[in-house]
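A.B. asks: Next one to model:
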Amino acid sequence: MKATRRFPDDVLAAIRKGMVIGLRAGTQPHRFIALWAVVVEGRVFVRSWSLKPRSWYRTILAEPRGLIQVAGDEFAIRAVHTRSERLKDAVDRAYLEKYHTAGSIKFARDLGRAQSKATTAELVPR
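C.D. replies: Below you'll find the predicted structure:
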């Protein structure tokens, strides 16, 4: 049986508590961008609002490796497209629970739209 790689508990706690993580999609050098991330079942998930040709999401589809910044540390990741509707629904709920302020709830709801839901990706440490 293949062992599942997970982030350490302190990293998961920092992602749960923090509002954003930094992501550098792909292996080409460029700046980190801020993303909303949620933890579901001890796993880290992200979604994209945009499907623009030069978006982080398009980059990660073509080249699923990258880096994230969490609490001042960097971690090498691999992005895995999420197919499970059960997990996607749980990610919907997690976004609404985490990003529930007056200024963020609209965007959290937008991340539950079909277009954004289809971009659900798990970030797995490598």
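A.B. asks: Can you dump the C-alpha atoms of stretch 114-125 in PDB for me?
C.D. replies: C-alpha atoms of stretch 114-125 as PDB (Å, rounded to 0.1, in the frame of the first residue of the first chain):
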ATOM      1  CA  ALA A 114     -19.600  25.300 -11.000                       C
ATOM      2  CA  GLN A 115     -16.700  27.000 -12.900                       C
ATOM      3  CA  SER A 116     -14.600  27.500  -9.700                       C
ATOM      4  CA  LYS A 117     -15.700  24.200  -8.200                       C
ATOM      5  CA  ALA A 118     -14.300  22.400 -11.300                       C
ATOM      6  CA  THR A 119     -10.900  23.800 -10.500                       C
ATOM      7  CA  THR A 120     -10.600  22.200  -7.100                       C
ATOM      8  CA  ALA A 121      -7.100  21.000  -6.500                       C
ATOM      9  CA  GLU A 122      -5.400  19.300  -3.600                       C
ATOM     10  CA  LEU A 123      -1.900  20.400  -2.700                       C
ATOM     11  CA  VAL A 124       0.200  17.400  -1.700                       C
ATOM     12  CA  PRO A 125       3.700  17.800  -0.200                       C
END
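A.B. asks: from the middle of its chain, how far away would that stretch be?
C.D. replies: 7 Å (C-alpha atoms, centre = their mean, to the nearest Å).
A.B. asks: Show me the contact partners of it.
C.D. replies: 5-7, 23, 37, 43-49, 51, 57, 60, 68, 75-82, 87-88, 91-92, 110-111 (C-beta atoms under 8 Å, 6 or more residues apart in numbering). Every C-beta, even on glycine, is put in place using the N, C-alpha and C of the backbone.
A.B. asks: what do you get if the cut-off is 6 Å, keeping everything else the same?
C.D. replies: Contacting residues not belonging to stretch 114-125 are listed as 5, 7, 43-49, 57, 75, 77-82, 88, 91 [C-beta atoms under 6 Å, 6 or more residues apart in numbering].
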